[in-house]
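Novice: model this:
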Amino acid sequence: MQNLSEKLKGISRRDLLRLTKHFGITSTLLAAGGLTGVVSFARLAEAANSTYQKRFKNSAKFELKFGAAGFNKRNLLIERAGGLQFVNDLEERTDGAIRIEFIGSNQICGQLNCVKKAQQGIIDLYAASTQNSAGGAPYLNVLDYAYMFPTRASQYYFLYHPGSQKVLRDQMRKKHGIEFLFSHAELRGIMLGLKWKDKPLVTSIKQLAGTKNRVTGTQLGRIAMNLMKLNPTPIAWEETLDGLKQGLIDGAETWASAVAYANMSPVVSQAVNLEFFCGTEHTAMNAKSFDKLGGELQDAVMESSYLTQVHVQAANEVALINTVGYSNPQLPNTLFAKNDVRVAWLSDAAKREAEEMCSPEFQPKPWEQWRERINGWSGGMDTYKFIYDIAREIPKNTLPENVEPRRWWKSA
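Specialist: Residues are numbered from 1 along each chain as shown. Below is the predicted model of the structure:
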């Protein structure tokens, strides 16, 4: 993988700032993404000018701000969350009627507050994990029942399913004023810090009993972690790297490509594929901003969301193997291999052991209060059972890249 810094190593920071000031950050990022090899200042300037002219050839009817938490062109080649693909496709699809300012690298919002800034109308679109966003939009906890999704394939299947419109998207609009567009899909495990570098590879959840682990903003994730004796410790995503580096925590509840894109690989020794609940880096839109677009442009947003969802499904699965190193065996030049991150592949029996310790199916009582709350917000659906059943409509051995895409808002 050639990342952005490698491409632009011949360009000074000062010259790069000149380009972004003249052509804008979004045009410069989109231009850089389309170039290969080491890029000179003159070559990037020409590409940025061409991209700028293309994007601004028509007067925009709507100019939207997209707050993309810590994402930028470099790390979107590691975790393929699809933000820039969406921007590029929507601007082209609408022939410039919609123009989007992509603001990543935590410049306008971070993982914990992007959703709040979208709700406040400060930004129109945002990208962040649903779990970190659950603090500002509690209904997103609906995705976080332990072991509700058996595989990444089941996650993608749900995102394309018309049932996701009923149990997730419609409710997010009603409860939180948010139009849920698309998402990447991984499942969360425990990423152990350097304390575990010389210890045997983890094979059972019982080996982690009593450890201290970072948890996101999700309330349901904490229930599962408490039941597995993982001592959930709330730490902001931006502070997790330091927590692992300094040994303040044993590990972090997150997923493989998140470790890779956030430069955490050097301080992680084992990636335990517990896969106990969602890791979903979603993109969503302020519902009022969506409504202002009118029917034709709303259709364009949905079609671009669909295309981006298809792109993410394929691209992230490839990146997990070729870029991250979340495979067995690992490819030698991946980020995990270079940083000696071992993947602890738990057996089906070991995952079943964890599931019986923490899932609503086997331990219903600790989940009752939150389950009733979310069901009430949904208008009375049994949300856990509803999603659980959809997630099992496909065989467990279905590969994620083989899930058939569907337009969730049109499917019957």
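Novice: Can you dump the C-alpha atoms of the helix or strand that contains residue 88 in PDB for me?
Specialist: Following DSSP states H and E, the helix or strand that holds residue 88 is helix 83-93. In PDB, the C-alpha atoms belonging to helix 83-93 read as follows (Å, rounded to 0.1, in the frame of the first residue of the first chain):
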ATOM      1  CA  GLY A  83     -15.900   8.800   3.100                       C
ATOM      2  CA  LEU A  84     -14.000  10.200   0.100                       C
ATOM      3  CA  GLN A  85     -15.500   7.700  -2.300                       C
ATOM      4  CA  PHE A  86     -18.900   9.000  -1.200                       C
ATOM      5  CA  VAL A  87     -17.900  12.700  -1.700                       C
ATOM      6  CA  ASN A  88     -16.500  12.000  -5.100                       C
ATOM      7  CA  ASP A  89     -19.400  10.000  -6.400                       C
ATOM      8  CA  LEU A  90     -22.100  12.300  -5.000                       C
ATOM      9  CA  GLU A  91     -20.500  15.400  -6.500                       C
ATOM     10  CA  GLU A  92     -20.200  13.700  -9.900                       C
ATOM     11  CA  ARG A  93     -23.600  12.200  -9.700                       C
END
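Novice: Name the residues of that helix that are buried.
Specialist: Of all the residues in helix 83-93, those buried under the rule 16 or more other Cβ atoms under 10 Å are 83, 84, 85, 86, 87, 88, 89, 90, 91, 93. Where C-beta positions appear, they are placed from N, C-alpha and C, glycine not excepted.
Novice: Please verify my assumption that the first one contacts residue 105.
Specialist: No - using Cβ atoms under 8 Å as the test, residue 83 is too far from residue 105 to be in contact (11.8 Å).
Novice: which residues do the two both contact?
Specialist: residue 71 (Cβ atoms under 8 Å, 6 or more residues apart in numbering).
Novice: Name the residues linked to residue 125 by a beta bridge.
Specialist: Here residue 125 sits in beta bridges with residue 66, residue 285, as judged by DSSP bridges.
Novice: Starting from residue 282, give me the distance back to it.
Specialist: From residue 125 over to residue 282 the distance is 11 Å, taken as Cβ to Cβ, to the nearest Å.
Novice: Common neighbours of these two, please.
Specialist: Common contact partners of residue 125 and residue 282 (Cβ under 8 Å, 6+ apart): residue 181.
Novice: Quick one: the strands in this structure, in order.
Specialist: Counting by DSSP state E, the segments of the chain that form strands are 62-67, 98-103, 125-129, 178-183, 186-187, 189-193, 213-215, 232-234, 251-254, 268-272, 278-279, 281-286, 342-344.
Novice: among the ones you listed, which is the most enclosed?
Specialist: Neighbour counts (mean count of other Cβ atoms under 10 Å) averaged over each of the strands of the chain peak at strand 125-129, with a mean of 29.
Novice: which strands and helices sit next to that one?
Specialist: Secondary structure elements in contact with strand 125-129, counted by 3 or more Cβ pairs under 8 Å, 6 or more residues apart in numbering; DSSP states H and E, are strand 62-67, helix 114-119, strand 281-286.
Novice: now do 10 Å
Specialist: Identification of packing neighbours for strand 125-129 by 3 or more Cβ pairs under 10 Å, 6 or more residues apart in numbering; DSSP states H and E yields strand 62-67, helix 83-93, strand 98-103, helix 114-119, strand 178-183, strand 281-286.
Novice: Just give the closest residue to residue 371, not the sequence neighbours.
Specialist: Spatially, and ignoring its direct neighbours in sequence, residue 371 is nearest to residue 384 (6.0 Å; Cβ to Cβ, 6 or more residues apart in numbering).
Novice: residues near that neighbour, how many?
Specialist: Other residues within reach of residue 384 by the criterion other Cβ atoms under 10 Å amount to 22.
Novice: so what's it up against?
Specialist: The neighbourhood of residue 384, defined by Cβ atoms under 10 Å, 6 or more residues apart in numbering, consists of 142, 145-146, 148, 220, 359-361, 364, 367, 370-371, 374-375.
Novice: Which residues does stretch 351-363 contact?
Specialist: When contacts are defined by Cβ under 10 Å, 6+ apart, stretch 351-363 is touched by residues 145-148, 150, 204-206, 208-209, 220, 223-230, 272-277, 345-347, 366-368, 370-371, 384-385, 388.
Novice: same thing but 7 Å
Specialist: By Cβ atoms under 7 Å, 6 or more residues apart in numbering, the list of residues contacting stretch 351-363 from outside reads 145-147, 204-205, 224, 227-228, 274-276, 367, 371, 384.
Novice: Likewise for stretch 200-215?
Specialist: If you take Cβ under 7 Å, 6+ apart as the criterion, stretch 200-215 is touched by 190, 221-222, 225, 228-235, 240, 243, 249-253, 270, 272, 274, 342, 344, 346, 350, 353-354, 357.
Novice: Only the buried residues of that stretch, if you could.
Specialist: For stretch 200-215, the neighbour count (16+ other Cβ under 10 Å) marks 202, 205, 207, 208, 211, 213, 214, 215 as buried.
Novice: just stretch 358-367 next, same as before
Specialist: Neighbour-count burial for stretch 358-367 [16+ other Cβ under 10 Å]: 358, 359, 360, 361, 363, 367.
Novice: ok, now stretch 283-301?
Specialist: Of the residues in stretch 283-301, those buried by neighbour count under the rule 16+ other Cβ under 10 Å are 283, 284, 285, 286, 287, 289, 290, 293, 297, 300, 301.
Novice: which one among those residues gets closest to residue 119?
Specialist: Minimum distance to residue 119 across the buried residues of stretch 283-301 is 6.9 Å, recorded for residue 286 (Cβ to Cβ).
Novice: Not counting sequence-adjacent ones, nearest residue to that closest one?
Specialist: In space, residue 286 comes closest to residue 118 once its chain neighbours are excluded; the distance is 4.8 Å by Cβ to Cβ, 6+ apart.
Novice: who touches that neighbour in this structure?
Specialist: For residue 118, the contact set (Cβ under 7 Å, 6+ apart) comprises 125, 126, 178, 284, 286.
Novice: returning to that earlier point: distance to residue 66 and pLDDT added to the buried residues of stretch 200-215, as TSV?
Specialist: Below are these laid out as TSV (distance: Cβ to Cβ, whole Å; pLDDT from 0 to 100):
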residue	distance to residue 66	pLDDT
202	38	98
205	38	97
207	42	98
208	38	98
211	37	97
213	31	96
214	27	94
215	27	92
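Novice: Now do the nearest residue to residue 137 once chain neighbours are set aside: how many residues are near it, please.
Specialist: The spatial neighbour of residue 137 that comes closest, neighbours along the chain excluded (Cβ to Cβ, 6+ apart), is residue 176 at 4.2 Å. Applying other Cβ under 10 Å, we find 22 residues neighbouring residue 176.
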